[in-house]
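Novice: From the sequence below, what's the structure:
(one chain, ligands or ions: 1)
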Amino acid sequence: MTVDMAVLRAEFPILSTQVRGKPLHYLDNAATSQMPQAVIDAVTTHETQARANVLRGVHTLAERATDAYENARADVARYIGAAAPEEVVFTSGTTSAINLAAHSFGALLSEGDEIVFSLLEHHSNIVPWQMLRDRRGVVLKVLPVTDDGRIDLDCLDEVVTRRTKLIALAHVSNVTGAVTDIARVVAAARDVGARVLLDGAQAVPHGPVDVAGMGIDFYAFSGHKVYGPNGIGALWARRELLDEMPPFMGGGEMIRTVTVEQTTYAPTPHKFEAGTPPIAQAVGLGAAVRWAMALDLETATAHVNRLTGRILDGLRERPGIRVLGPLGSQGRAPVISFEVDTIHPHDVCTILDHHGVALRGGHHCAQPLMDHCDIVGTTRASLMPYNDDSDVDALFEGLDDAMARFA
Ligand SMILES: Cc1ncc(COP(=O)(O)O)c(C=O)c1O
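Specialist: Numbers count the residues shown, from 1 in each chain. Prediction:
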């Protein structure tokens, strides 16, 4: 079966917009993906028919808003394979989800306990752990990367010790696109009784995941990368772990009782959601994952893999271009980073913008990886199922133009 591109693309109104008088070729999906009309409609319907605060009110709109918010949680739970909606804590995105884990799980750790992450992590899976180290004296250990841009899991034995309490890794690298072999990570963690946290920001956009089946403990992701609005994401964790963890922020919505002396907290997950949450955004995320679950994933994946293969082949054919990451489409997501000899990634992106092609250039919030590779940054193309061959053609037309200008 093939993807009916015309039908699929028509669901994304922004794809018919023009950039500098050219058709848009949106290849910056790893930064933010686009929203189908169904998601835009869900947000608009909520805002026009059910806008109110959640959990507190007894009037009809408040009940509608609360139902919509909690139904979105149930949709997210289904999409990621959580055992129950209560295991899903809404956050503003991956960054706030990992910070929540670093504060609340971090509060259970002691000086000298060890946390392992890798050299290719996004800053949001490095900085919160450094801040925890500075607060509580935990020790940070770093897994190296292989030459083809994967986390070097052969080093797990050496890096993971009896003092390791958490292994926090990218499920998919936002730079190299490499997919991490989670079974190996979980096995290493189990041997020493450590927990596993996955940064799923770049994995969740490419199909449902199975958090319960993977044997992990925490999963973080952002809504705006999976067809949803921005300002919303989630931290999933096992129920017993969430129950054990203290809340991160205090305020309204997360309490059971408050006196001037002390407070008792609402049950999981609400004890982690202080203040008025991003309600319409959560409703949009619910619609986004429902849309993603209705997609013919097998056909969409085959389509995206074919385009990824075209990009990898075309890059390899061009002298002076070097791909940072796996060269085949096995064990990788459609996130493709490359260096163009002598041309700064920002220049590549600026020239490509004149061709209507949206790319990302820079360090991708992964400075330790850039330092390790001794480069300032890369140019990155990233795909979603609504991309088509014309996007790949425009990418190469633009790249050939950039290389000719700098020749
Ligand atoms: C792997 C990875 N982790 C974390 C993040 C941070 O996501 P957000 O800015 O939505 O919190 C990103 C965003 O690009 C990412 O790609």
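
Novice: Check which residues of the helix or strand residue 63 falls within are buried.
Specialist: For residue 63, the host element (DSSP states H and E) is helix 60-80. Buried residues in helix 60-80, counted by 16 or more other CB atoms under 10 Å: 62, 64-66, 68-70, 72-73, 75-80. (Each C-beta comes from the backbone N, C-alpha and C, glycine too.)

Novice: wait, does the next helix or strand after that helix contact the ligand?
Specialist: Of the helices and strands lying after helix 60-80 in sequence (DSSP H and E), the nearest is strand 88-91. No. If you take CB under 6 Å from any ligand atom as the test, strand 88-91 misses the ligand, and the best it gets is 8.5 Å.

Novice: What lies in contact with the following helix or strand past strand 88-91?
Specialist: Next helix or strand after strand 88-91 toward the C-terminus (DSSP H and E): helix 94-104. Identification of contacts with helix 94-104 by CB atoms under 8 Å, 6 or more residues apart in numbering yields 89, 91, 122, 124-125, 128-129, 131-132, 168, 197, 199-201, 218, 220-222, 233-235, 237, 245-248, 272.

Novice: so who does residue 146 touch?
Specialist: The contact partners of residue 146, taken as CB under 8 Å, 6+ apart, are residue 152.

Novice: for residue 357, same thing?
Specialist: 25, 27, 391, 394-395, 398 are the contacts of residue 357 under CB under 8 Å, 6+ apart.

Novice: What's the nearest residue in the stretch 301-407 of the chain when you look at the ligand?
Specialist: Using CB to the nearest ligand atom, the single residue of the stretch 301-407 of the chain nearest to the ligand is residue 365, 6.2 Å away.

Novice: still on that earlier bit, neighbour-wise, which one of the contacts of residue 357 leads?
Specialist: residue 27 (27 neighbours; other CB atoms under 10 Å).

Novice: Surely it touches residue 381?
Specialist: Yes. Contact criterion CB atoms under 8 Å: residue 27 and residue 381 qualify, at 4.3 Å.

Novice: Now do the shared contacts for those two.
Specialist: Contacts common to residue 27 and residue 381, judged by CB under 8 Å, 6+ apart, are 359, 395.

Novice: Inside helices: which ones of the contacts of helix 94-104?
Specialist: Mapping the contacts of helix 94-104 onto helices (DSSP state H) picks out 128-129, 131-132.

Novice: Closest one to residue 187 out of these, please.
Specialist: Closest to residue 187 out of the ones in helices among the contacts of helix 94-104 is residue 129 (22.0 Å), distances taken as CB to CB.

Novice: State the number of residues packed around the nearest residue to the closest one once chain neighbours are set aside.
Specialist: Of all residues not flanking residue 129 in the chain, residue 115 sits nearest, at 5.2 Å (CB to CB, 6 or more residues apart in numbering). The local packing of residue 115 (other CB under 10 Å) involves 27 other residues.

Novice: how close does the residue of the stretch 301-407 of the chain closest to the ligand get to residue 205?
Specialist: Residue 365 sits 17 Å away from residue 205, taking CB to CB, to the nearest Å as the criterion.

Novice: Mind checking which of those two has more residues around it?
Specialist: Shown here are residue 365 and residue 205; by other CB under 10 Å, residue 205 has more neighbours (27 against 18).

Novice: what about the more buried one, which SS state?
Specialist: Using DSSP: H, G, I helix; E, B strand; the rest coil, the structure places residue 205 in helix.

Novice: what does residue 307 give?
Specialist: Assignment for residue 307 (three-state DSSP): helix.

Novice: Looking at the ones in helices among the contacts of helix 94-104, which is nearest residue 291?
Specialist: Nearest to residue 291 among those: residue 128, at 30.4 Å, using CB to CB.

Novice: Next up, the contacts around the closest one.
Specialist: Contacts of residue 128 were listed using CB under 8 Å, 6+ apart, and they are 98-99, 101-102.

Novice: One more: residue 165?
Specialist: Residues in contact with residue 165 (CB under 8 Å, 6+ apart) are 109, 113-115, 138, 194-195.

Novice: now residue 151
Specialist: For residue 151, the residues meeting the contact criterion (CB under 8 Å, 6+ apart) are 118-120, 143, 145, 169-170, 173, 178, 180.

Novice: So what pairs up with the nearest residue to it once chain neighbours are set aside in the strands?
Specialist: Counting by CB to CB, 6+ apart, residue 118 is the residue found nearest to residue 151 once chain neighbours are left out, at 4.4 Å. Beta-bridge partners recorded for residue 118 (DSSP bridges): residue 143.

Novice: you'd agree residue 9 is up against residue 389?
Specialist: No. Applying CB under 8 Å as the test, residue 9 and residue 389 come out as separate, 12.0 Å apart.

Novice: Perfect, I'm done here.
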